[in-house]
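Colleague: have a look; sequence and predicted model below, questions after that.
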Amino acid sequence: MADGALPVLDVKDLKTVFQTRKGEVHAVNSVSFDVRPGELLGVVGESGSGKSVTMMSLIGLLPMPPAEVRDGEVLFDGKDLLKIDPNALRDVRGGDIGFIFQDPMTSLNPVFNVGFQIMEPLRKHMGMTKEKARNRAVELLELVGIPDAARRLKDYPHQFSGGMRQRVMIAIALACDPKVLIADEPTTALDVTIQAQILELVKDLREKLGMAIIWITHDLGVIAGIADRVMVMYGGQVVEQAPVKELFTNPQHPYTRALLKTIPNVHGEREAKLNVIEGQPPILGAPPAACPFRDRCEYRFERCDRENPYRRPIGHQHDVACFYEFEDKSAGDANAA
Amino acid sequence: MLTFTIRRLILAIPTLLFISLVIFLLLQLAPGDPMAQVPLTVPPEVKEKMREALGLGEPLHIQYIKWLRQFFWVEPLNLLDTWFGTEFAWHWVPVDSSISESRLAVLAEEGRLRDTAEGQEYWSPELRVISWQTRSPVMEIVAQRIPQTLWVVGVAYIVGILIALPIGIYSAYRQYSWFDNAGTLVTMIGFSVPPFFSGVLVIVIFSVQLNWFPSIYDTTLVVDDWESFKRQINQMFLPVMVLALQITSQISRFMRASMLDNLNQDYVRTARAKGMRERVVVMTHVLRNSMIPVVTVIALGIPSIFGGAIITEQVFKVNGIGQLLITAIQANDLPMVQTLTFIFAVLIVLFNLIADVLYGILDPRIRYD
């Protein structure tokens, strides 16, 4: 999709550090990526891999202090979001870049009706009158598939089910026609049928509205169903990036391979034990001087301890941050074996 | 909500009746004799007569029912009479030997005397709840004392809240900043220093040393012009300061805790992600949620205003309700103590209800019906 187009959001060398009582924690280490208009970029990684922190850093949503965006560039619409003043950044936030969060049960303010909450960004960013904003809010609720929209504007969040609340959150994120929608594990807190509905809705909305979407998840199944391109994160850095088909058929990073293996196979004989990646993701007290995955990696060799692997391109839109070169070109064998 | 309120109001009646019974019995069972201060030279049989005149000869349940009737029926009617000049609380009483000839003549002249089949009757107000100390109706004394208490304690409450809310909000927003730490220190002092100490301290500093404010509250001051209003403010200053320190400490801590509970909620992040200004995020989204428990606490604290501030009123010689209660207890003035205690009970029940209703109004998740 839109292969040659210029990226709508271009992140270069982003570094985010948290100050804690025990010293610094380097949560995002030189992350670079871009998204093109209309593209759906999936971001995968286990908890603590820095997916959410990366996205929140882009847009100044992290509490500072303790967080600090130490370095990098976030180019959006010809501006560097890390350098513009807070007011201009606020206009981008909720205006040109929309956000959906993980837990719809707590992401809406319980004491305001949803109409107020949808109309708030409309009135701020689009300068709409109350009347206009209300009409637009009804439109938005209809767009995200909430029946009887006009009447439901007056309802409070607790009067909606989880799936419906996530639809309201999506409506808020879409309110000002964003160019980029960042969805931070938007289906994790929902049950599977509702999850499927929300996925369908987002796919559908992307066709209709043509915005770029960054979809953060730890669920590879969701990624397979929705993403155009996938970025795998580990230890606060990007370890592999590839178009979705390529990633699933030809994973080149040991971590990506391990992740793919953890998907239980329902076909054939059930394995006695689920595949897990042993160990925990690291908490980095300093910028990584070696590969962050080395402690859990079965292909580790001495260079991994000396150097942090850079991202090297290995195919069309495919790059990987690993020194080891797999000889086989199919992930299938790891799974099928 | 309305049904809930009405149901609660109806439920309040048995609650209050029970409370009144408990208060009545407790005071009856308490040791002490209203005749204790009558000089020993008065013979015992005279004392006995005086007791009977106070209604103490009657059995307990009769005393209780009479008090109930006086409190719930005669006193409200009297209130109407004072407001509208009516005579609802009056009734016809048969003339007996205790009424003198001259009194009868006056009654006849006023048209308050009538002849019936049983004999003569005269138009007379019903017996009210009478203070044993002063022999005047308890409610009239209370009405005299309420303004002082409301001026001093009420103003302190309002001042305390007005100072506490911004402090609480800002301390939470800038948690562990120097402002928050200073606030913590001041509130700790406010919590731990009792008013009998802080009261005397401010008197020593501001009245004795600096001579800025009077140390004694002058109840006789009538506020009718700018000058007297300034004097009123001047004399209120010290007691209000002492009380407001305590109230500010409590409410600001509560406000801070409530704000902190909400500042880390996901909906705050959502509000920021929508691009709302920090002002809107904090003062609209967070504050609206944080005010729910704080408003409840403020409402529940209002009865204590009417209860007066016993110690502070003593220190600054404000003759308010708190001072009235203490002197009544010391003098074994049962009707006064009973009435005051019961008024507090009514206020507490009432403001509990108000707090619950406010909770329901402020928090849409709570539905009583």
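Modeller: Cool, got the structure. Numbers count the residues shown, from 1 in each chain, chains lettered A, B, ... in the order given.

Colleague: B:L353 and A:E131, how far apart?
Modeller: From B:L353 over to A:E131 the distance is 39 Å, taken as C-beta to C-beta, to the nearest Å. In short, each C-beta sits where N, CA and C put it, glycine included.

Colleague: A:D319: which element?
Modeller: Taking DSSP states H and E as the definition, one finds A:D319 inside strand A:318-320.

Colleague: kindly report the same for A:R151.
Modeller: Of the helices and strands defined by DSSP H and E, A:R151 is found in helix A:149-152.

Colleague: ok, then the element right after that helix?
Modeller: Proceeding N to C from helix A:149-152, the next assigned helix or strand is helix A:162-174, under DSSP H and E.

Colleague: and the residue nearest the centre of the chain?
Modeller: In the absence of a named chain, this looks at chain A. The residue at the geometric middle of chain A, judged as the C-alpha nearest the mean C-alpha position with C-alpha atoms, centre = their mean, is A:I216 (2.5 Å).

Colleague: oops, chain B please
Modeller: For chain B, the residue whose C-alpha lies nearest the mean C-alpha position (C-alpha atoms, centre = their mean) is B:F306; its distance is 1.7 Å.

Colleague: pLDDT at that one, what is it?
Modeller: pLDDT for B:F306: 74.

Colleague: go on, A:L260?
Modeller: 81.

Colleague: tell me the helices and strands packed up against the host helix or strand of it.
Modeller: Element membership for A:L260, per DSSP H and E: helix A:254-261. If contacts are counted by 3 or more C-beta pairs under 8 Å, 6 or more residues apart in numbering or on different chains; DSSP states H and E, helix A:254-261 sits against strand A:229-234, strand A:237-243, helix A:332-336.

Colleague: how about residues contacting it?
Modeller: Identification of contacts with helix A:254-261 by C-beta atoms under 8 Å, 6 or more residues apart in numbering or on different chains yields A:44, A:46, A:220, A:232, A:234, A:239-240, A:247-248, A:251, A:275, A:277, A:293, A:296-299, A:322, A:324, A:331, A:334-335.

Colleague: buried subset of these?
Modeller: A:44, A:220, A:232, A:234, A:239-240, A:247-248, A:251, A:277, A:293, A:296-297, A:322, A:324, A:331 (16 or more other C-beta atoms under 10 Å in any protein chain shown).

Colleague: single out whichever of these has the smallest pLDDT.
Modeller: Scanning the buried ones among the contacts of helix A:254-261 for pLDDT, the low point is A:A331. It has 46.

Colleague: could you check which residue of the stretch 1-150 of chain B lies nearest chain A?
Modeller: Proximity of the stretch 1-150 of chain B to chain A (C-beta to the nearest C-beta) peaks at B:M1, 15.1 Å away.

Colleague: same deal with the stretch 151-300 of chain B?
Modeller: Nearest residue of the stretch 151-300 of chain B to chain A, counting by C-beta to the nearest C-beta: B:G275, 3.2 Å away.

Colleague: so who does that residue touch?
Modeller: Taking C-beta under 8 Å, 6+ apart as the contact definition, B:G275 lies against A:90-95, A:121, A:124-125.

Colleague: about what we covered before: who's in contact with the residue nearest to the centre of chain B?
Modeller: The neighbourhood of B:F306, defined by C-beta under 8 Å, 6+ apart, consists of B:146, B:149-150, B:321, B:343-344, B:347.

Colleague: out of these, who's the most crowded?
Modeller: Neighbours here are counted as other C-beta atoms under 10 Å in any protein chain shown. On that basis the top member of those is B:I321, with 26 neighbours.

Colleague: what does that residue show for phi and psi?
Modeller: phi -70, psi -40 (degrees, to the nearest 10).

Colleague: re earlier: of B:L353 and A:E131, which one has the most company?
Modeller: Taking other C-beta under 10 Å, B:L353 and A:E131 do not tie; B:L353 has more neighbours (17 against 8).

Colleague: so the residue nearest to that one when sequence neighbours are not counted versus B:I354, what's the distance?
Modeller: When the adjacent residues along the chain are set aside, B:L353 lies closest to B:R8, with 5.0 Å between them (C-beta to C-beta, 6 or more residues apart in numbering or on different chains). According to C-beta to C-beta, B:R8 and B:I354 sit 10 Å apart.

Colleague: over to A:V92?
Modeller: Distance, A:V92 to B:I354, using C-beta to C-beta: 45 Å.

Colleague: those two: which has the busier surroundings?
Modeller: Set side by side, A:V92 and B:I354 show more neighbours around A:V92, with 23 against 17, by other C-beta under 10 Å.

Colleague: surely that one meets A:F76?
Modeller: Yes - when contacts are counted by C-beta atoms under 8 Å, A:V92 is listed as touching A:F76 (6.7 Å).

Colleague: in three-state terms, label A:A5 for me.
Modeller: Here A:A5 takes the coil state, with states given by DSSP: H, G, I helix; E, B strand; the rest coil.

Colleague: contact partners for it?
Modeller: By C-beta under 8 Å, 6+ apart, A:A5 lies in contact with A:36-38.

Colleague: for chain B, what are the low-confidence residue spans?
Modeller: Low-confidence segments of chain B, defined by pLDDT under 70, span residues B:32, B:34, B:308, B:368-369.

Colleague: residues in it within reach of chain A, list them.
Modeller: Taking C-beta under 8 Å from any C-beta of the partner chain as the contact definition, chain B meets chain A at B:265-267, B:269-277, B:280, B:285, B:288-289, B:292, B:362-365.

Colleague: go with 10 Å
Modeller: B:262-278, B:280, B:284-286, B:288-289, B:291-292, B:362-367 (C-beta under 10 Å from any C-beta of the partner chain).

Colleague: remind me, longest helix of chain A?
Modeller: helix A:192-209 (DSSP state H).
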